[in-house]
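> coords below, sequence missing:
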DNA sequence: AAACATTTTAGAGATAACTCTAAGTCGAAA
DNA sequence: TTTCGACTTAGAGTTATCTCTAAAATGTTT
């Protein structure tokens, strides 16, 4: 019930290079090797890779993720540190999402503006449009 | 009615190094120079810097932003391309935000788990808790 | 005018996160 | 048993985005 590095690559979308790189960086200390030196991934390992993806895409650098994994390996004495880390990550992520929300509103305005501009063939004239001027004022 | 690079650095939070780098990369073609060669930023330039920040934080690489600025400089013949770019960026951003939403749910679960774990002093036992097991099942 | 802060350029260096290469080993299929 | 694709390691190379340095010019303050 184990997977080769190639199989894990297909499952996760990470290249075999990246998986080895993650291991070298200390992110996969739990992955075992077969007698002849081949990596053998388990479903538990896939779970860890999924958590790594979650934290990475949430904006945590690989070093931060490694720290978390190191704490996990240390056992229950680091429970508080791990809790703090997740709380901080939640703060970061919520702040990030609010920022993205604002950026999205701005991009939506740009889409309206350019739809009008394309329709009338002029950026200048589209910008002078009453409704777009109203939205723009609302936005800033 | 103009700002020095240092003033713009304070206003935007970007270092003077970064501002010069952006210019070198073609992101600030509208910034003028004084007779003696000093950069003079205007409020219009600050507006562009704000748009650059918006696109960058929305996940667009500097090259993509440069492309947009180049199109802008080309005039109304590129209106369609710019509209497409913003539409695509909207798609990307909405997909990104949905992903972050999922990651946030997972992190919230982890916070609950670790709060319980800290309380009882054991990760294993916290994981076995009925409510946490329920939430975990909901999550995957 | 002297002193000192700010800006200029070209180019080198740093950092994170991959990405690839080479030379060899392993394992499944014909 | 040969063949061939997948795997191994160590280490070099790449990309994006800064970040810094040095030496000279400019701007500001006293």
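Yep, that arrived. Every value quoted in this text rests on a predicted model; they were computed, and no experiment measured them.
> For chain A, which residues are neighbours of chain B?
A:51, A:54-55, A:57-58, A:75-76, A:79-80, A:82-83, A:86-87, A:89-90, A:93-94, A:96-97, A:99-101, A:103-104, A:106-108, A:110-111, A:114-115, A:117-118, A:121-123 (CB under 8 Å from any CB of the partner chain). Every residue, glycine included, has its C-beta placed from N, CA and C.
> now, which of these lie within helices?
A:51, A:54-55, A:57, A:79-80, A:82-83, A:86-87, A:89-90, A:93-94, A:96-97, A:99-101, A:103-104, A:106-108, A:110-111, A:114-115, A:117-118, A:123 (DSSP state H).
> Flag every residue of chain A that's near DNA strand D.
A:4, A:5, A:6, A:7, A:9, A:16, A:20, A:33, A:37, A:38, A:39 (CB under 7 Å from any atom of the strand).
> Most neighbours out of those residues, which is it?
Ranked by the number of neighbours (other CB atoms under 10 Å in any protein chain shown), the residues of chain A next to DNA strand D place residue A:39 first, at 20 neighbours.
> Look at that one and report its pLDDT.
Looking at residue A:39, its pLDDT stands at 96.
> my read: it touches residue A:31, true?
Yes - the criterion here is CB atoms under 8 Å, and residue A:39 meets it with residue A:31 at 5.5 Å.
> still on that earlier bit, from the residues of chain A next to DNA strand D, which two are the most distant?
A:9 and A:37 (17.8 Å; CB to CB).
> one step back: what do residue A:39 and residue A:31 both touch?
residue A:23 (CB atoms under 8 Å, 6 or more residues apart in numbering or on different chains).
> Please pick the buried ones from the residues of chain A next to chain B.
A:51, A:54-55, A:58, A:76, A:79, A:82-83, A:86, A:89-90, A:93, A:96-97, A:100, A:103-104, A:106-107, A:110-111, A:114, A:117-118, A:123 (16 or more other CB atoms under 10 Å in any protein chain shown).
> Which residues does stretch A:110-121 contact?
A:123, A:125-127, A:129, A:132, A:135, B:76, B:79-80, B:82-83, B:86-87, B:90.
> and DNA strand C, which of those reach it?
Counting by CB under 7 Å from any atom of the strand, nothing from the contacts of stretch A:110-121 sits close to DNA strand C.
> Return the closest of these with respect to DNA strand D.
The closest of the contacts of stretch A:110-121 to DNA strand D turns out to be residue B:86 (CB to the nearest atom of the strand; 17.9 Å).
> Confirm for me that the closest one is in contact with residue A:107.
Yes - using CB under 8 Å, residue B:86 is in contact with residue A:107, at 5.6 Å.
> residues in contact with residue A:22?
With CB under 8 Å, 6+ apart, residue A:22 has these contacts: A:14, A:28, A:52, A:62.
> Which single one of the residues you listed is nearest to DNA strand C?
Scanning those for proximity to DNA strand C, where the rule is CB to the nearest atom of the strand, the winner is residue A:62, at 3.4 Å.
> distance of that closest one from DNA strand D?
To DNA strand D, residue A:62 is 14 Å away according to CB to the nearest atom of the strand, to the nearest Å.
> Confirm for me that that residue is in contact with residue A:27.
Yes - if you go by CB under 8 Å, residue A:62 and residue A:27 touch, sitting 6.5 Å apart.
> The two: which is more packed in?
Between residue A:62 and residue A:27, counted using other CB under 10 Å, residue A:27 has the larger neighbour count: 22 against 15.
> Let me know the secondary structure of the more buried one.
Following DSSP: H, G, I helix; E, B strand; the rest coil, we place residue A:27 in the coil state.
> and the residue of chain A found nearest DNA strand D, what element?
Relative to DNA strand D, the nearest point of chain A is residue A:6 (2.5 Å; CB to the nearest atom of the strand). Element membership of residue A:6, judged by DSSP states H and E, is helix A:5-12.
> is that helix anywhere near DNA strand C?
No - judged by CB under 7 Å from any atom of the strand, helix A:5-12 makes no contact with DNA strand C; its nearest approach is 11.1 Å.
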